[in-house]
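J.: Give the three-dimensional model of this entry:
(one chain, ligands or ions: 1)
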Amino acid sequence: MRRLGLEREIVDRQLYDQAVKRFAERQVALPTFAEIAEPWRAANRLREALAGVDPDAADPRNLYRVNWYNDASRKGFTDVPEHVVLPSELTGTPGRILVLLADRFPLVSCHKVLASYGCLAPRVVAGQFDPASQRAIWPSTGNYCRGGVAISRLMGCRGVAVLPAGMSRERFDWLARWVEDPSDIVRTPGTESNVKEIYDECNRLALDPENVVLNQFSEFGNHLVHYTATGRAVERVLEALSDTGQGGELAAFVSASGSAGTIAAGDYLKERHGSEIVAVEALECPTMLYNGFGEHNIQGIGDKHIPFIHNVMNTDVVTAISDRATDRLNILFNTGAGRRYLAERQAVPEQAVEALSSFGLSSICNMLAAVKYARHRRLGPDDVVVTVATDGAAMYASELERVAAKLYPNGVDEVVAGEIFGEHLAEVSGEHLRELDRRERDRIFNLGYYTWVEQQGVSVEEFEERREQRFWRETRTIVGDWDAMIQEFNERTGVLAAP
Ligand SMILES: Cc1ncc(COP(=O)(O)O)c(C=O)c1O
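T.: Prediction:
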């Protein structure tokens, strides 16, 4: 089980002791998974100490900001995760679409730091990673590797980003500022859906024992951190809405799947609220829906394969959204003409228009899928569909410029805005949505065989055991063990005991 990061005990005492020494020197304390899910459990003084710390600084104390409870300034904390309930003027459905806003997260303004932390911290406290000598390798199509490089810096170790050369300029600019050495950015051929090329590069890097690959598509830390933290964050928002009389019945959690980490929040919510889990992909790369493949521009999702940590047999609905829609809505949501159109012609309340700047391309995709699902199920004002805005529009300014110049060379005006709204919001089509029965779930599950057993060397037994929910329930019990290990590790470094 070592390869999949599921250790419940220290596996290498020497590495462990080296990590303790390094973290003591660098004054790095690690939050537990429980503290990430409910940050008020952490000692007050840890949060107070953050008051003077820039949320984007390479300061280890920022690890205590890796949670859903950062406010809009990203410097302070909230009692309830930041969110928006989208008005029906925008969505065209009476069903309530609740979106958690992840651009409040520290370091990368995206919740992927959760996944990066959730994969590396258990390795450190299990003696599987020496921060002084080894390099953490972060394969990704963008945000996970940025999160990984940032988390590595905070933990005093070297991180390497492995990502397709065709990803957005903003991502590379950011990485260039954060890596220790330019060679720590490894560019693989292709774009968004060229994950096989990323795997090949990681397999090459893994030949060197100084490299530890943290594969978000197969590390259960990614699933578990979203299960505990994102699941709980959604629940906290629902509780707060109920307290103010704006609650409703949770119908579904909707998430476009990249590594299938975020969608684990759906497993948490399904257990407690009986809600459905809706997986989303790009229509131009409809792997789950149609065994399809292809290129698309919804950066961060849809990588032509089924992640090992996707609990496919617990997924209820699969749907697809076109990048034609996300590219164009990015223009509608983030240009003056588009925003004016929404506010003046469609009477979208100002606060909701403001919130749209927190919607990057995959966030728009999530929102459209939530709308599609709400229409499909004919949900009403007492029903809530939840999704997340994984990152904000700031990450796609160059994409907006490129697409707008190509599609609308004469500029974006009210007519263009009206066309985009009419085609991609007012008329969200009900096509490309499938409710999954046992046979359909098996079909999607089986697709994973080719990646994981044939290409990546997972045994058939390890592959198959995930078909049963027993496996997932049992796996989740590891979180308590990890938290105990994190606490013990912190005691040994003595960092939390320091005045
Ligand atoms: C912008 C963006 N959206 C969505 C996702 C998908 O999230 P997950 O990998 O948790 O499925 C990612 C993943 O990297 C992402 O970067």
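
J.: Where does the prediction get shaky in this structure?
T.: 1-4, 498-499 (pLDDT under 70).

J.: Residues of the protein that sit close to the ligand?
T.: Residues of the chain lying close to the ligand (CB under 6 Å from any ligand atom) are 112, 142-144, 256-262, 299-301, 360, 362, 390-391. For the C-beta atoms, the positions are set from N, CA and C on the backbone; glycine is no exception.

J.: From these, which land in strands?
T.: With strands defined by DSSP state E, the entries of those inside them are Ala256.

J.: So which elements touch the helix or strand harbouring Glu354?
T.: Taking DSSP states H and E as the definition, one finds Glu354 inside helix 350-355. Using 3 or more CB pairs under 8 Å, 6 or more residues apart in numbering; DSSP states H and E as the contact test, the elements touching helix 350-355 are strand 83-86.

J.: Just give the number of residues close to the closest residue to the ligand within the chain.
T.: Residue of the chain nearest the ligand, by CB to the nearest ligand atom: Gly300 (2.4 Å). When neighbours are defined as other CB atoms under 10 Å, Gly300 has 27 of them.

J.: For it, give its distance to Tyr396.
T.: According to CB to CB, to the nearest Å, Gly300 stands 11 Å off from Tyr396.

J.: Now list whatever residues contact both of those two.
T.: When contacts are counted by CB atoms under 8 Å, 6 or more residues apart in numbering, the set common to Gly300 and Tyr396 consists of 360-361.

J.: so how far is the helix holding Glu354 off the chain centroid?
T.: Relative to its parent chain, helix 350-355 has a centroid offset of 23 Å by CA atoms, centre = their mean, to the nearest Å.

J.: same question, stretch 296-314
T.: 11 Å.

J.: tell me which element Asp130 is part of?
T.: Of the helices and strands defined by DSSP H and E, none includes Asp130.

J.: Strands along the stretch 301-450 of the chain, start to end?
T.: 317-321, 383-389, 433-435 (DSSP state E, counting those that start in this stretch).

J.: between those, which gets nearest to Arg232?
T.: Proximity to Arg232 (CB to CB) singles out strand 383-389 among these, at 12.6 Å.

J.: in its sheet, what does that closest one sit against?
T.: Here strand 383-389 is paired, per DSSP bridges, with strand 96-101 (parallel), strand 249-256 (parallel).

J.: I'd like the strands of the stretch 301-450 of the chain as CSV, with mean neighbour count appended.
T.: CSV is the format used below for these (neighbours: other CB atoms under 10 Å):
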stretch, mean neighbour count
strand 317-321, 26
strand 383-389, 28
strand 433-435, 16
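
J.: residues touching Phe217, list them.
T.: Per CB under 8 Å, 6+ apart, neighbours of Phe217: 139, 195, 259-260, 303, 305, 307-309.

J.: cool, Asp59 as well?
T.: With CB under 8 Å, 6+ apart, Asp59 has these contacts: 53, 154.

J.: mind running it again at 10 Å?
T.: Asp59 makes contact with 27, 49-50, 52-53, 65, 106-107, 153-154, according to CB atoms under 10 Å, 6 or more residues apart in numbering.

J.: what's the spacing between stretch 20-28 and its chain's center?
T.: Distance, centroid of stretch 20-28 to centroid of chain: 28 Å (CA atoms, centre = their mean).

J.: Residues in contact with that stretch: which ones?
T.: Against stretch 20-28 from outside (CB under 10 Å, 6+ apart): 19, 29-30, 59-61, 63, 124-125, 127, 130-133, 154-157, 488-495, 498.

J.: what's the first-to-last distance across stretch 30-49?
T.: Start-to-end span of stretch 30-49 (CA to CA, to the nearest Å) is 15 Å.

J.: can you put the contacts of Phe217 in a markdown table and add neighbour count?
T.: Formatted as a markdown table, the contacts of Phe217 follow (neighbours: other CB under 10 Å):
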| residue | neighbour count |
| --- | --- |
| Pro139 | 25 |
| Val195 | 23 |
| Ser259 | 29 |
| Ala260 | 25 |
| Asp303 | 26 |
| His305 | 21 |
| Pro307 | 25 |
| Phe308 | 23 |
| Ile309 | 25 |
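
J.: Which ones among the residues you listed map onto helices?
T.: Val195 (DSSP state H).

J.: Closest one of the contacts of Phe217 to Leu283?
T.: Checking the contacts of Phe217 against Leu283 with CB to CB, the nearest one is Asp303 at 14.7 Å.

J.: can I assume that closest one is in contact with Ser193?
T.: Yes. Under the criterion of CB atoms under 10 Å, Asp303 makes contact with Ser193 at 5.3 Å.

J.: what ranges do the helices span in the stretch 51-200 of the chain?
T.: Using DSSP state H, counting those that start in this stretch, the helices of the stretch 51-200 of the chain run over 88-91, 112-125, 143-154, 169-178, 195-205.

J.: Determine the set of other helices and strands touching the second one.
T.: Looking back up the chat, that one is helix 112-125. Applying 3 or more CB pairs under 10 Å, 6 or more residues apart in numbering; DSSP states H and E, we find helix 112-125 packed against helix 13-26, helix 33-37, strand 135-139, helix 143-154, helix 220-225, helix 478-493.

J.: can you pull up the bridge partners for the spatially closest residue to Asn194 that is not a sequence neighbour?
T.: Closest residue to Asn194 apart from its sequence neighbours, by CB to CB, 6 or more residues apart in numbering: Pro164 at 5.2 Å. Beta-bridge pairing of Pro164 under DSSP bridges involves Thr188.

J.: what's the neighbour count on Pro164?
T.: Pro164 - counted by other CB under 10 Å - has 21 other residues nearby.

J.: Count the neighbours of the residue lying closest to Val384 once chain neighbours are set aside for me.
T.: With sequence-adjacent residues excluded and distances taken as CB to CB, 6+ apart, Val384 is closest to Gly248, at 4.2 Å. Using other CB under 10 Å, Gly248 has 19 other residues around it.

J.: Understood, closing this out.
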